[in-house]
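Trainee: Sharing a sequence plus its predicted fold:
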Amino acid sequence: MRRFDFVTLKLFISVADEGRLTAAAEREHLALAAVSKRISDLEVLVGTTLLYRRPRGVELTPAGQAFLHHARRIMDNIERLQAELSEYGEGVRGHVRIHSNTSAIIAFLPQDLSAFSRLYPEIKIDLQERVSSEIIAAVRDGLTDIGIFAGHVAAPDLQQLSYRQDRLVLMTPVDHPLAERDSIAFNEALAFDFIGLQQDTSLQLLLNEQANLAGKALRMRIQVRSFDAICRMIHHGMGVGVLPEQTIYSDLGDLQLKSIPLSDPWAQRELVIGMRRYASLHVTARHLVDHLTQKEDEK
């Protein structure tokens, strides 16, 4: 037992999570042969088989299940130790990695991160824009400290805290047949061509799902990479689109657009902050999470 090392423990957890040595090797950035040898050496060390080797992957033996339980506890304790020791540094300094979806970056994070930087000028913030599915994977794999993503995207293995609410609206040209409406149900707009984001974004997946539930097709005419581009395409009569209300730029006032609130319950979205475990975050990341989850009147 004296030859256990944290790399092997972390690797075994990845093998258990992925169910395949190849996938675990990719996740841990190791060669497949190195992964196979480490697992084999581990089994020799503990004196029992930890994995059943199957044609399509691996499964944990009863001993493997027990080993996994203790390996997770050990790694969690190491993370907690690192988090607690980080509090003993001189002052609050360091850096925090954030992956966020476009909605939060446009609508909420500029003012929130600016206020945080005034409170903690020695903390560097590394912010990257990603789609929700990529954010969840990055948090899970330890590539970012926290992620901000749409709450309807499943992430059962992450701890989540509410961040902000946003409302989806239908954008049309001002001379569109729907432009006189004060509110509208999404399925009423499905008779028209849509301008939207790329297929892998959480918003686009949500719209596709709701169109399917309505028994109709979402007629995507053009797909672009930004909310700004969607608005400009709509201005020129290329179709209609659904956007988070607070991402509509004030400097697009020269465009002839109409914003119509969607009446569907799912159109009121929640943005969440996701992390592996709040308790295992280093102190600078916890300060940022605390700041972002404060009520507006407390900031």
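Mentor: Sure, I can see it.
Trainee: Show me what the helix or strand harbouring Arg269 is in contact with.
Mentor: Using DSSP states H and E, Arg269 sits in strand 268-275. Residues from elsewhere that reach strand 268-275 (C-beta atoms under 8 Å, 6 or more residues apart in numbering): 101, 103-104, 108, 135-136, 139, 145-152, 155, 158-168, 244, 281, 285, 289, 292-293. C-beta here means a position set from N, CA and C on the backbone, and glycine is covered the same way.
Trainee: I'd like the list of those residues that fall within helices, please.
Mentor: In helices, defined here by DSSP state H, the members of the contacts of strand 268-275 are 103-104, 135-136, 139, 285, 289, 292.
Trainee: buried set for stretch 222-234?
Mentor: For stretch 222-234, the neighbour count (16 or more other C-beta atoms under 10 Å) marks 223-224, 227-228, 230-234 as buried.
Trainee: That one - what's its average pLDDT?
Mentor: Here stretch 222-234 scores 92 as its mean pLDDT.
Trainee: Kindly report the same for stretch 107-116.
Mentor: The average pLDDT within stretch 107-116 is 95.
Trainee: Can you list the neighbours in contact with it?
Mentor: 100, 123, 125, 127, 148, 163-164, 166, 244, 246-247, 271, 287-288, 291-292, 299.
Trainee: what do you get for stretch 151-158?
Mentor: The contact list for stretch 151-158 (C-beta under 8 Å, 6+ apart) reads 132-133, 136, 139-140, 147, 149, 160, 162, 202, 205-206, 266, 269-272, 274-276.
Trainee: Could you turn the buried ones of these into a PyMOL selection?
Mentor: In PyMOL, a selection of the buried entries from these looks like this (16+ other C-beta under 10 Å):
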select buried, resi 132+133+136+139+140+147+149+160+202+205+206+269+271+272+274+275+276
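Trainee: and Val58, that one's in a helix?
Mentor: No. Using DSSP: H, G, I helix; E, B strand; the rest coil, the assignment for Val58 is strand, not a helix.
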